[in-house]
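Asks: got a predicted model here, sequence first, then my questions.
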Amino acid sequence: MTTRVLIVEDDENARTSLRLALEEDGNDVTEAVSAEECMPAFRRRPSDVVLVDIMLPGADGFDLCRELRRESDVPILVLTARSDSHDVVAALEAGADDYVVKPAVPKELSARIRALMRRARRTTASGAAPPALTLGDVEIEPESARVRRKGEELSLTRTEFRLLCELAENPGRVLSREVLLERVWGYDYFGDGRLVDVHVRRLRRKLEDDPSRPTLILTVRGLGYKVDLTGP
């Protein structure tokens with residue numbers, strides 16, 4: 001199946017280089033030069049993955065991630081100049097699923113896109129689904145990809161949903177960042193533990209009464225994360 005990728009990059013040379021590399025790998029690529037141009041293009045022709053440069057004219061990449069998240073759970077991959085900057089965490093907090101450091105290496109970029117798509121397809125795949133799960137006052141329905149808290153349906157991204165399911169399906173078991181990267185993101189050696197940490201924080205803000213004192217998704221210092229299905 002061909003993957004539809006929307007590239008949002010204002011630098012023409014960088015945009016062309018990305019497009020050629022992705023098309024060579026068999027992707028169907030659409031381009032936009034700004035957030036303002038991206039949203040109408042995305043609404044006209046929804047993409048499977050959106051590739052967003054952080055430094056855009058007008059509304060920046062962070063704003064664009066937030067706007068996309070308000071309308072869709074489409075996988076978002078951001079492009080950043082520095083992997084050690086606060087930009088990475090800020091982009092993930094804004095709703096991005098992953099990041100790639102510029103200049104992007106075509107093979108790594110394609111591998112990350114394929115991993116995002118495998119994960120998205122597993123989320124919507126047919127077949128025997130795990131039974132419904134209860135995590136305190138949170139109800140998880142893997143088959144319909146729905147989550148409710150106190151009877152109210154929550155809006156989770158695909159990444160947040162898969163991370164929650166992975167933790168909830170392993171009650172009481174500590175899952176390391178490396179294990180979660182492999183199972184949720186599909187990454188091994190090129191994964192970044194910050195992806196896990198930021199998405200756990202995002203989940204806690206949606207699931208916990210007090211995210212600063214979590215009772216559902218617990219941190220096991222030096223090891224990883226775990227949940228307790230008995231609830232608080």
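Replies: Cool, got the structure.

Asks: list the buried ones in the least confident helix or strand in the chain by mean pLDDT?
Replies: Ranking every helix and strand in the chain by mean pLDDT, DSSP states H and E puts helix 106-124 at the bottom, with a mean of 77. Judged by neighbour count using 16 or more other CB atoms under 10 Å, the buried positions of helix 106-124 are 109-110, 112-113, 115-117, 119-120. Glycine gets a C-beta too; all of them are placed from N, C-alpha and C.

Asks: and for stretch 31-45?
Replies: When burial is assessed from 16+ other CB under 10 Å, stretch 31-45 yields the following buried residues: 31-35, 38-39, 41-42.

Asks: residues contacting it, please?
Replies: Identification of contacts with stretch 31-45 by CB atoms under 8 Å, 6 or more residues apart in numbering yields 4, 6-10, 15, 19, 30, 50, 52, 56-61, 63-64, 67-68, 71-72, 74.

Asks: now do the helices in this structure.
Replies: Here the chain has its helices, by DSSP state H, at 12-24, 35-44, 61-71, 86-93, 106-124, 158-168, 177-180, 193-207.

Asks: do you know how far the nearest residue to residue 147 once chain neighbours are set aside is from residue 207?
Replies: Leaving out its chain neighbours, the residue that sits closest to residue 147 by CB to CB, 6 or more residues apart in numbering is residue 154, at 4.7 Å. Distance of residue 154 to residue 207, given as CB to CB, to the nearest Å: 8 Å.

Asks: who has more neighbours, those two?
Replies: Here residue 154 and residue 207 are set side by side on neighbour count (other CB atoms under 10 Å), and the busier one is residue 207, at 23 against 18.

Asks: no more questions from me, cheers.
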